[in-house]
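> Okay, sequence plus prediction incoming.
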Amino acid sequence: MSRYNFENGLRKVVPYHFSYQTHVKPRWVGRTLVEVYTSEFGEKAQIIEHDLSQKVIYVLSNYGKKGGPVKIEGLEALCDRKIERFDMICNSKHMHEPSVPVGEESTSPGIPIVFENDELLVVNKPCGIPTHPTGNYYYNSVTEICKYELGLANVWPCHRLDKVTSGILILGKTKEAGIRYLGIIQNQKDRLVKEYVARVDGEFPTQEVMVNCPIFSVNSTGGYIKPLNAESLPINSTTLFKRIQYCPKLNQSIVICKPLTGRMHQIRIHLRNLGHPISNDYIYNPVLDTLPNHEINVLNGEIEKELYRRVFEKFPSFGKFQAPDVSVIKTDKCINLFEITNWHDDTGLNAKVKDLKTQRQAMLSELKQEHGEVCTECRRSLFDTDKDMTGLGIWLHAYRYEYLGEKPGFSFQTDMPTWARELN
């Protein structure tokens, strides 16, 4: 039986069972399994209670410690039990993966290959597909699709791209190659050229400019700041930008983006903060009000921009275009974001974050009620992922990766995406 079906330009995974184990996160300690699954993963309490009663969710306590692990299972034992530090949460879940697009730039259902040899597989990742298994995506990830389509035992990502981003993705075909090229990308930034192309709002400056500003965001499900080291947040997150085209009619620019550091959503956040967000970025420029999470993204953006405003008050240079100076990435200075923004003690801010979490939970409940269909096996609501693919891709593309260090170097490049070629 095939793992995938193809319908309406989408790759769909046939439902399957998947067993996995999860180490306890510090913020889960002292809460029940039902509380964690409902607040952090949007699950219904009765569904988790059903899974506990069926023993598909259970706990290995004292995991990795003397006298452990001890298996604890069943609704009576786990419903009110508080999670402990050395618990391992085990789950055998009936998986219904979201569909992903085949890719507008692709002529076949497979992932387009840019380069391949015995060590490396370099692909042109379509937007809307995660790099590796994450969340509800497993087989509908680039690594798993490549393994399936090419008959490979395994591949090792040497870097990652956001799900909504397309472009150059370097994968190791051996573990050794994966580790080596990962090391190059992470540790030799001064010899690595990464070029992305973005389509942004407004008339971008003509000269090359630099943005140096710490990167953080607010998680709308849990209402916490990412990354979790916000009390010691590095300030060296830096991106260079150069405009290559401007369309007065649309008031949009095509910009080459060179991230000198690699923080999550760095390019997207830097562009948003400086008033030139990616034109169709539904998270950092939420203008398309037909998306189900539009109001949540608007409120999330308001909270983040207020936090950044407070940072810019104390450090004005973070909120401005600067002349390029690559030496800024060498600093090890950090800021305490919690102190600067008064994150813990601002009652007005806390109320907005609480409202954000409430809105997200309400949206998930509304979506489940709207679609109505329920899996007879696991009792979870099934989402119609054919309805709207708009939010699965943005105008950000990893255009070129080149290593200028010790031989053998490498240089991988794709064609410009259609949305960058046809700005008029």
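Arrived safely. Numbers count the residues shown, from 1 in each chain.
> which stretches of this protein have low pLDDT?
1, 103-109, 368, 370-372, 383-391 (pLDDT under 70).
> got the domain boundaries for it?
Here the domain parsing of the chain from automatic domain parsing is 14-95, 97-187+401-415, 192-393.
> gap between the two ends of the second one?
According to C-alpha to C-alpha, to the nearest Å, domain 97-187+401-415 extends 30 Å from its N-terminal end residue to its C-terminal end residue.
> Let me see the contact set for the nearest residue to residue 78 once chain neighbours are set aside.
Leaving aside its chain neighbours, residue 78 sits nearest to residue 52 (5.1 Å; criterion: C-beta to C-beta, 6 or more residues apart in numbering). In this view, the C-beta of every residue, glycine as well, is placed from N, C-alpha and C. Applying C-beta atoms under 8 Å, 6 or more residues apart in numbering to residue 52 gives the contacts 33, 34, 58, 73, 74, 75, 78, 79.
> after the one helix or strand residue 52 maps to, next one along is what?
Applying DSSP states H and E as the criterion places residue 52 in helix 45-53. Moving toward the C-terminus from helix 45-53, the next helix or strand (DSSP H and E) is strand 57-61.
> Within the sheet, what are the partner strands of that following strand, with directions?
Sheet pairing for strand 57-61, assigned by DSSP bridges, gives strand 70-72 (antiparallel), strand 88-95 (antiparallel).
> so how far is residue 407 from the residue nearest to residue 78?
Distance, residue 52 to residue 407, using C-beta to C-beta, to the nearest Å: 57 Å.
> Residue 75 now?
In this view, residue 75 and residue 407 are 61 Å apart by C-beta to C-beta.
> okay, the two: which has more neighbours?
More crowded of residue 75 and residue 407, by other C-beta atoms under 10 Å: residue 75, with 17 against 6.
> how about that one, what does it touch?
Counting by C-beta under 8 Å, 6+ apart, residue 75 touches 49, 52, 53.
> in terms of contact, does the first one touch residue 79 like I think?
Yes - taking contact to mean C-beta atoms under 8 Å, the distance of 6.5 Å between residue 49 and residue 79 places them in contact.
> contacting residues around the residue nearest to the spatial centre of the chain?
In the chain, the residue lying closest to the centroid (C-alpha atoms, centre = their mean) is residue 162, at 4.9 Å. When contacts are counted by C-beta under 8 Å, 6+ apart, residue 162 touches 264, 265, 268, 396.
> can we see that at 7 Å?
By C-beta atoms under 7 Å, 6 or more residues apart in numbering, the contact list for residue 162 reads residue 265.
> In three-state terms, label it for me.
coil (DSSP: H, G, I helix; E, B strand; the rest coil).
> List the buried residues of stretch 411-424.
Across stretch 411-424, burial judged by 16 or more other C-beta atoms under 10 Å covers 412, 413, 414, 417, 419, 420, 423.
> Just give the nearest non-adjacent residue to the fourth one, would you?
For residue 417, ignoring the flanking residues on the chain, the nearest one in space by C-beta to C-beta, 6+ apart is residue 397 at 4.8 Å.
> Please look at the one you found and residue 167 and confirm they touch.
Yes - with contact defined as C-beta atoms under 7 Å, residue 397 counts as touching residue 167 (4.4 Å).
> Secondary structure element for the residue of the chain most remote from its centre, which one?
Among the C-alpha atoms of the chain, the one most distant from their mean position (C-alpha atoms, centre = their mean) is that of residue 67, at 37.8 Å. Here residue 67, judged by DSSP H and E, is contained in no helix and no strand.
> oh, and call the first residue 283 from now on, that's how I've got it
Sounds good: first residue 283 from here, last item residue 349.
> Quickly note the distance from it to residue 567.
For residue 349, the distance to residue 567 - C-beta to C-beta - is 53 Å.
> can you check residue 440 too?
29 Å.
> out of these two, which sits in the more crowded spot?
Shown here are residue 440 and residue 567; by other C-beta under 10 Å, residue 440 has more neighbours (23 against 20).
> Next up, the contacts around that one.
452, 453, 454, 460, 463, 464, 467.
> quick one, helices of the stretch 483-632 of the chain?
Listed in chain order, the helices of the stretch 483-632 of the chain (DSSP state H, counting those that start in this stretch) span 548-555, 576-596, 619-623, 629-653.
> Which parts of the stretch 333-482 of the chain are strands?
For the stretch 333-482 of the chain, the strands defined by DSSP state E, counting those that start in this stretch occupy 339-343, 352-354, 370-377, 382-383, 395-398, 402-407, 438-439, 448-454, 474-483.
> I'd like to know which of those is closest to residue 421.
Nearest to residue 421, of all those, is strand 370-377, at 8.5 Å by C-beta to C-beta.
> Name the residues of that closest one that are buried.
370, 371, 372, 375, 377.
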